[in-house]
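In: Using only what follows, build the 3D model:
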Amino acid sequence: MSNAEWGLTSLRIVVGIVFPVHGGQKIFVYGFAGVQGAFARMGIPAPIIIAPFIALLELVGGFFMPAGYEYALTLFAAGVALAGPGAAALEQFIGKRSASSG
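Out: Model prediction:
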């Protein structure tokens, strides 16, 4: 595997860790009520309905924006750039093992 492939693999791993950790903050630190209150203060419509949906979505997508949107935009761009499994993906090793055993 080339250095570029290892670099992309390490970025995939880090981004894959960052997303759920920061999304978990919305649920486990602020809670649904905290997110709902923040949404209400921001003027987001139907916060009682939207807050749990967004909190769960962020647990999966993980947009943590304490002071702006650049962090989320960076993670979004990294996610787009890293689309696909890559050369070091488990799929590559599982597929090779399955093909050689069959």
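In: CA only for contacts and neighbour counts going forward, please
Out: Will do.
In: What is the subsequent helix or strand relative to whatever helix or strand G23 lives in?
Out: Using DSSP states H and E, G23 sits in helix 3-25. With elements assigned by DSSP H and E, the helix or strand that comes after helix 3-25 is helix 31-42.
In: Give me the below-cutoff pLDDT ranges for this protein.
Out: 58, 61-71, 73, 95-102 (pLDDT under 70).
In: any idea how far the residue nearest to the spatial centre of it is from I94?
Out: Central residue of the chain (Cα atoms, centre = their mean): F19, 3.0 Å from the mean position. Distance, F19 to I94, by Cα to Cα, to the nearest Å: 25 Å.
In: Which residues belonging to the helix holding G23 are considered buried?
Out: By neighbour count on 16 or more other Cα atoms under 10 Å, the buried set for helix 3-25 is 8-9, 12, 15-16, 18-25.
In: Would you mind getting the angle between it and helix 31-42?
Out: Taking axes from the mean of the first three to the mean of the last three Cα atoms, to 10 degrees, one finds that helix 3-25 is oriented at 90 degrees with respect to helix 31-42.
In: which other helices and strands contact helix 3-25?
Out: In terms of contacts (3 or more Cα pairs under 8 Å, 6 or more residues apart in numbering; DSSP states H and E), helix 3-25 is packed against helix 47-61, helix 70-81.
In: could you dump the ones you listed to TSV with mean neighbour count?
Out: Below are the helices and strands packed on helix 3-25 laid out as TSV (neighbours: other Cα atoms under 10 Å):
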stretch	mean neighbour count
helix 47-61	18
helix 70-81	14
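In: Pipe those into CSV and attach distance to A87 per row.
Out: Shown next, in CSV, are these (distance: least, Cα to Cα, whole Å):
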stretch, distance to A87
helix 47-61, 23
helix 70-81, 14
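In: between those helices, which one is nearest to V35?
Out: helix 47-61 (5.7 Å; Cα to Cα).
In: rewinding a little: which among the helices and strands packed on helix 3-25 is found nearest to A4?
Out: Among the helices and strands packed on helix 3-25, helix 70-81 comes nearest to A4, with 13.1 Å by Cα to Cα.
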